[in-house]
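**Q** predicted structure and sequence below. I'll ask about it afterward.
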Amino acid sequence: GAVVSQHPSRVICKSGTSVKIECRSLDFQATTMFWYRQFPKQSLMLMATSNEGSKATYEQGVEKDKFLINHASLTLSTLTVTSAHPEDSSFYICSARGASGRTDTQYFGPGTRLTVL
Amino acid sequence: KQEVTQIPAALSVPEGENLVLNCSFTDSAIYNLQWFRQDPGKGLTSLLLIQSSQREQTSGRLNASLDKSSGRSTLYIAASQPGDSATYLCAVRRAGANSKLTFGKGITLSVRP
């Protein structure tokens, strides 16, 4: 199956700093990328959807100025958590859906564990 | 609003047992349904995808069925193994280019040796 990578896999930062998470589709072009967060023992909560070259569409209740999403190319999307606080600590997972034959299946990255002290 | 339900939340079975995981959804106007596996602290691995026009998909010991009219899907695991222990999530997608997946909360499966 298709491979989606995330970097870093784990990050610990101080409150007030910004953290950038990268999501890459390694063997296909991702026309649409999704960012989720997951709390312990909970399902995935969609934060935003982004198409390459367009502004991301945020879900209700997600602050777009706090969670900056950039989908600059067909293989890379980034999520920047600005001025992180302890309540932002969570497991962030990106997902990619491709073009031309790969438009149906959504592939997920391995996730990034963010801990804000 | 689409709601996806997976019951029970947890299941423990002895090794070798055949088992069925259930998923139900409220809006039958779906584009496809996907089953995922998630190991603790890891991302999601896609197991099977069923298009709305299909009735089932098979991969190895896994078989997923879809009954769109009744809003149900099942994931059948044959001859379960301890390595099958994980959380299994069901997700449905509505039609549309930017349509998103709606996830159930998952079923945490434990297969005892």
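**A** Happy to help now that I have it.
**Q** for chain B, what lies in contact range of chain A?
**A** B:32, B:34, B:36, B:41-46, B:49, B:51, B:89, B:93, B:97-98, B:100-101, B:103-106 (CB under 8 Å from any CB of the partner chain). In this view, the C-beta of every residue, glycine as well, is placed from N, C-alpha and C.
**Q** quick one: the strands in chain A, in order.
**A** Residue ranges of the strands in chain A, as given by DSSP state E, are A:4-7, A:10-13, A:19-25, A:30-38, A:44-51, A:57-58, A:67-73, A:76-81, A:90-98, A:107-108, A:112-116.
**Q** which of the ones you listed sits closest to chain B?
**A** strand A:107-108 (3.9 Å; CB to the nearest CB).
**Q** given the closest one, what are its sheet partners and their directions?
**A** Strand pairing for strand A:107-108, using DSSP bridges, gives strand A:90-98 (antiparallel).
**Q** what distance separates the strand it pairs with from the centre of its chain?
**A** Distance of strand A:90-98 from its chain centroid, counting by CA atoms, centre = their mean, to the nearest Å, is 5 Å.
**Q** could you list the residues in contact with it?
**A** The contact list for strand A:90-98 (CB atoms under 8 Å, 6 or more residues apart in numbering or on different chains) reads A:2, A:4, A:6, A:21, A:23, A:25, A:28-39, A:44, A:77, A:79, A:103-114, B:41, B:43-44.
**Q** if we go to 7 Å?
**A** Strand A:90-98 is touched from outside by A:2, A:4, A:6, A:21, A:23, A:25, A:28-39, A:44, A:77, A:79, A:103, A:106-109, A:111-114, B:43-44, with contacts defined as CB atoms under 7 Å, 6 or more residues apart in numbering or on different chains.
**Q** what residues does chain A have near chain B?
**A** A:1, A:32, A:34, A:43-44, A:46, A:49, A:51, A:93, A:104-111 (CB under 7 Å from any CB of the partner chain).
**Q** not counting its neighbours along the chain, what's nearest residue 18?
**A** Went with chain A since none was named. residue A:82 (4.8 Å; CB to CB, 6 or more residues apart in numbering or on different chains).
**Q** wait, chain B
**A** That would be residue B:78: by CB to CB, 6+ apart, it lies 5.2 Å from residue B:18.
**Q** run a quick neighbour tally on that neighbour.
**A** Residue B:78: 13 surrounding residues under other CB atoms under 10 Å in any protein chain shown.
**Q** residue B:17 versus that one, what's the distance?
**A** The gap separating residue B:78 from residue B:17 is 9 Å, by CB to CB, to the nearest Å.
**Q** of the contacts of strand A:90-98, just the buried ones, PyMOL syntax please.
**A** Restricted to buried positions by 16 or more other CB atoms under 10 Å in any protein chain shown, the PyMOL selection for the contacts of strand A:90-98 reads:
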select buried, (chain A and resi 2+4+6+21+23+25+28+30+31+32+33+34+35+36+37+38+44+77+79+106+107+108+109+111+112+114) or (chain B and resi 43+44)
